[in-house]
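Engineer: Fold the stuff below for me.
(one chain, ligands or ions: 1)
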Amino acid sequence: MIYADNAATTKMSRTAIDAMLPYMEEIFGNPSSLYEAGQEAAKALWTARERIAACIGAAPQEIYFTSGGSEADNQAILSAAHNGEKKGKKHIISSAFEHHAVLHVLKKLEKEGFEVELLDVHENGMVYPDQVADAIREDTCLVTIMYANNEIGSIMPIAEIGAVCREKKVPFHTDAVQAVGHLPINVNEQNIDLLSLSAHKFHGPKGIGALYVRRGIILESLIEGGAQERGKRAGTENVPAVMGMAAALAEAYSHMEENNKKLLGLRGRLIEGLSKISHSALNGDAKSRLPGNVNFCFEGIEGESLLLLLDDRGICASSGSACTSGSLDPSHVLLAIGRPHEVAHGSLRLSLSADNTEEEVEQILQAVPEVVAYLRNMSPLWKDKMSGKKEFVL
Ligand SMILES: *Cc1c(COP(=O)(O)O)cnc(C)c1O
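Structural biologist: All right, here's what the predicted structure looks like:
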């Protein structure tokens with residue numbers, strides 16, 4: 001099997017698994033228990049918090065564990081919105097191509113009477129600081145812009161967007177789920193006030209993540225109960241998962257340079273090869289792009305059929321986000337960058353990790369053009385385009 005869907009989830013690393021086992025087998029105590037076995041788990045949690053904080057330039061007191069990226073996004077956005085509401089500020093700025101964990105919370109806030117302004121995304125998949133500067137008003141209580149897009153891989157100028165927000169004193173949240181563990185991050189240098197991360201996107205376990213909250217920002221809890229996470233997230237901590245997340249993150253950062261160098265090579269080869277397919281287009285910025293992300297539109301095909309045929313050949317890929325698969329709606333991300341509906345249906349996302357090899361890339365480059373040609377051959381729409389009855393879009 002060739003696994004090329006690392007933006008959906010990653011395989012756990014051996015290091016992460018090994019870091020978890022002792023906390024399932026021996027040190028299984030509840031961190032809230034006062035006896036030694038519990039206190040040992042509590043100490044381990046703190047060490048993990050320190051390790052995670054160090055990776056993003058934060059203080060351990062600023063890290064709150066969550067069940068993943070979605071929960072972190074929800075908690076960050078609801079907290080900042082409700083903090084603003086207390087001061088009579090109910091305007092929120094975001095962008096049209098955010099993850100649904102952001103967009104759906106914003107929808108909910110709209111129902112609470114907030115005004116949500118979604119910035120347009122440029123054709124290359126970028127949102128720029130001047131757009132944010134132009135949109136900020138007296139009553140803006142939050143700017144939330146993703147660090148890197150999960151479908152098309154474009155990386156936003158986060159430090160510059162953060163600087164604009166800092167100057168106007170507006171809290172800045174970034175969904176950095178695709179960036180943490182893959183790109184260097186420093187919340188202070190990049191003027192980030194709230195940041196969401198998720199372990200299963202960097203070879204850690206699923207169902208665990210964290211929210212970075214700058215000191216001084218009041219966090220609202222989504223889950224009431226015990227006093228875990230300093231009263232901001234009730235429920236017995238998932239100690240093994242936290243340990244796995246910390247180990248995976250530290251490992252990702254210690255190998256980031258070599259991993260990214262390898263990924264840039266593989267990505268370059270894939271983009272070069274797939275560009276040769278006629279009436280195709282790369283989605284997202286060619287340069288400001290996650291090292292493992294490749295995303296193409298192929299005119300005249302259905303993404304779903306493409307994926308099924310690739311699956312037959314042992315290739316795991318995606319046509320957008322895992323969250324939209326199963327629905328027939330075209331990707332909101334591809335629509336946001338201006339791809340017409342027809343073309344947005346025919347997309348392919350290959351997201352690589354450092355575990356992928358050059359041989360695998362060559363196999364993908366063998367399979368994709370064949371499958372695209374096969375599907376086009378069967379498509380009445382493609383025939384109309386070839387005969388000139390209908391126009392090509394790409
Ligand atoms: C995967 C992902 C999420 C959701 O994270 P979970 O841990 O699966 O809840 C949120 N935002 C982005 C950009 C993602 O890629």
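Engineer: Flag every residue of this structure that's near the ligand.
Structural biologist: Counting by CB under 6 Å from any ligand atom, the positions of the chain adjacent to the ligand are 68-70, 73, 99, 101, 146, 150, 175, 177-178, 198, 200-201, 209. For glycine as for every other residue, the C-beta is placed from the backbone atoms N, C-alpha and C.
Engineer: What about the residues you listed, which are in strands?
Structural biologist: Here DSSP state E is the test, and the residues of the chain next to the ligand give D175, S198, G209 as lying in strands.
Engineer: the strands in the protein, which residues?
Structural biologist: 2-3, 63-66, 91-95, 115-119, 140-144, 172-175, 194-198, 209-213, 280-282, 293-298, 315-316, 347-351.
Engineer: May I see the ones you listed arranged in CSV, with mean neighbour count as well?
Structural biologist: Putting those into CSV (neighbours: other CB atoms under 10 Å) gives the following:
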stretch, mean neighbour count
strand 2-3, 20
strand 63-66, 24
strand 91-95, 24
strand 115-119, 17
strand 140-144, 26
strand 172-175, 28
strand 194-198, 30
strand 209-213, 27
strand 280-282, 18
strand 293-298, 27
strand 315-316, 18
strand 347-351, 27
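Engineer: List just the nearest of the ones in strands among the residues of the chain next to the ligand to P22.
Structural biologist: For those, the closest approach to P22 (CB to CB) belongs to G209, at 21.6 Å.
Engineer: Now do the contacts for that closest one.
Structural biologist: By CB atoms under 8 Å, 6 or more residues apart in numbering, the contact set of G209 is 65-69, 71-72, 177, 196-199, 245.
Engineer: list the buried ones in stretch 384-394?
Structural biologist: K385, L394 (16 or more other CB atoms under 10 Å).
Engineer: same thing with stretch 57-77?
Structural biologist: Under the neighbour-count criterion of 16+ other CB under 10 Å, stretch 57-77 has 58, 62-77 buried.
Engineer: for that stretch, what is the average pLDDT?
Structural biologist: For stretch 57-77, the mean pLDDT works out to 98.
Engineer: hey, where'd the helices end up in the stretch 151-300 of the chain?
Structural biologist: 158-167, 239-254, 256-275 (DSSP state H, counting those that start in this stretch).
Engineer: right, so those: which one is the most enclosed?
Structural biologist: Of all the helices of the stretch 151-300 of the chain, helix 239-254 has the most neighbours on average by mean count of other CB atoms under 10 Å, namely a mean of 24.
Engineer: list the helices and strands that one packs on?
Structural biologist: helix 14-20, helix 22-25, helix 36-55 (3 or more CB pairs under 8 Å, 6 or more residues apart in numbering; DSSP states H and E).
Engineer: what pLDDT does G320 get?
Structural biologist: In this model, G320 carries a pLDDT of 66.
Engineer: er, V343 actually
Structural biologist: Listed pLDDT for V343 reads 89.
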